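> Okay, sequence plus prediction incoming.
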Amino acid sequence: MADTSDTRTPAQIEADIKRRREVLAETLDELGVRVHPKTIVGDAKAKVVSHVDHTLGRAYVGVNRVVSDVKAQLVDEAGAPRLERVVPVALVLVGVVGLLALGTRRRKG
């Protein structure tokens, strides 16, 4: 059981009450800031920005990896193009662009 006798002086009790009021006032002020609509919107906005930054960072890493892989397929270690791989890719691209151009011409005509 707790001891219910209080050996503090009235001045000590008043000081304790004053200190507790100040702590309570600080706590209420902090709660007021936390539940303020601007604070809530700002926190939500910060979370979204963080998520978008994280997602964009991951996308950048992924694209960078794909570009590096494609470059490794088309260029040798010395930086010279691998003609045995570049020429077929270029021919396929020219063929696709040619087919697209013909398809566009036929639709217009």
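Structure received.

> Distance from the helix ranked longest in the chain to the middle of the chain?
Identified as the longest helix of the chain according to DSSP state H is helix 37-74. Distance of helix 37-74 from its chain centroid, counting by Cα atoms, centre = their mean, to the nearest Å, is 6 Å.

> Which strands and helices lie in contact with that helix?
Where contact means 3 or more Cβ pairs under 8 Å, 6 or more residues apart in numbering; DSSP states H and E, helix 37-74 is packed against helix 83-108. C-beta here means a position set from N, CA and C on the backbone, and glycine is covered the same way.

> ok, 10 Å please
The contact analysis (3 or more Cβ pairs under 10 Å, 6 or more residues apart in numbering; DSSP states H and E) places helix 37-74 against helix 10-34, helix 83-108.

> Report the angle between that helix and helix 83-108.
Here helix 37-74 runs at an angle of 120 degrees relative to helix 83-108 (axes from the mean of the first three to the mean of the last three Cα atoms, to 10 degrees).

> Report the mean confidence score over helix 37-74.
For helix 37-74, mean pLDDT rounds to 93.

> Next: stretch 92-100.
94.

> mind saving the C-alpha coords of it as PDB?
Taking C-alpha atoms only, stretch 92-100 is exported to PDB below (Å, rounded to 0.1, in the frame of the first residue of the first chain):
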ATOM      1  CA  VAL A  92      15.500  -4.100 -87.200                       C
ATOM      2  CA  LEU A  93      15.000  -0.500 -86.100                       C
ATOM      3  CA  VAL A  94      15.200   0.800 -89.700                       C
ATOM      4  CA  GLY A  95      12.600  -1.900 -90.700                       C
ATOM      5  CA  VAL A  96      10.200  -1.000 -87.900                       C
ATOM      6  CA  VAL A  97      10.500   2.800 -88.700                       C
ATOM      7  CA  GLY A  98       9.900   2.000 -92.400                       C
ATOM      8  CA  LEU A  99       6.800  -0.100 -91.600                       C
ATOM      9  CA  LEU A 100       5.400   2.700 -89.400                       C
END
